[in-house]
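> Below: sequence and its predicted model.
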Amino acid sequence: MGKETRAATLERTLARLLDSRTAVEGHRVLLEAAATFARARAAGLWSRSARGWQPLQSSGEVELLPEERRVRALLEDGAAEAGLRAGECLLAPPGASLALVLAGAAPEEELDELEALLLVHASALDPRQLEAPPLPRAEEGGPAS
């Protein structure tokens, strides 16, 4: 995907995500984005609730995804990078109620766009779920008023 094409695809994906009428529709858009931006062969979306981390929806060659017990252990321990095998990736932004597990992803792919889409989707589902750091004050190097 070329740079302009990638930017246009990101813009269209973001618009589709924000225009989703249901959570399930938004999940589907996010899983499609995993195939597009990470070139993942499989993707699974997980949600954190009072009962802990639970799988929500998956797509692609789901047999390639890590076992649920392993994903749950990685998410609950907060060690998203430890225990991953070659071709596996776990996007679990701090403070977000959603996580995305990928399998068969191209190792050289940048995942920043996909993580941003994940955060947008989590925020659209429940804006209170994200923990944002306080804005810096002017004397701390932030913009002057």
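Received the coordinates, thanks. Quick caveat: nothing in here was measured; it's all calculated off a predicted structure.
> switch to C-alpha atoms for all contacts and neighbour counts from now on
Noted.
> just so I have it, where are all the helices in this structure?
Using DSSP state H, the helices of the chain run over residues 3-19, 23-37, 68-77, 112-125.
> How far off centre is stretch 34-50?
When distances are taken as CA atoms, centre = their mean, to the nearest Å, stretch 34-50 is centred 6 Å away from the chain's centroid.
> For that stretch, buried residues please.
Neighbour-count burial for stretch 34-50 flags 34-48 (criterion: 16 or more other CA atoms under 10 Å).
> now, which of these lie within strands?
Of these, the ones assigned to strands by DSSP state E are 42-48.
> ok, the residues you listed vs Ser58, which is closest?
Ser58 lies nearest to Gly44 out of these, by CA to CA, at 4.1 Å.
> Excluding chain neighbours, give the residue nearest to the closest one in space.
Leaving aside its sequence neighbours, Gly44 sits nearest to Ser58 (CA to CA, 6 or more residues apart in numbering; 4.1 Å).
> Next: Ala23.
Distances taken as CA to CA, 6+ apart put Leu125 closest to Ala23, at 6.9 Å, once the chain neighbours are dropped.
> ok, the one you found to Ala96 distance?
Separation of Leu125 from Ala96 (CA to CA, to the nearest Å) stands at 11 Å.
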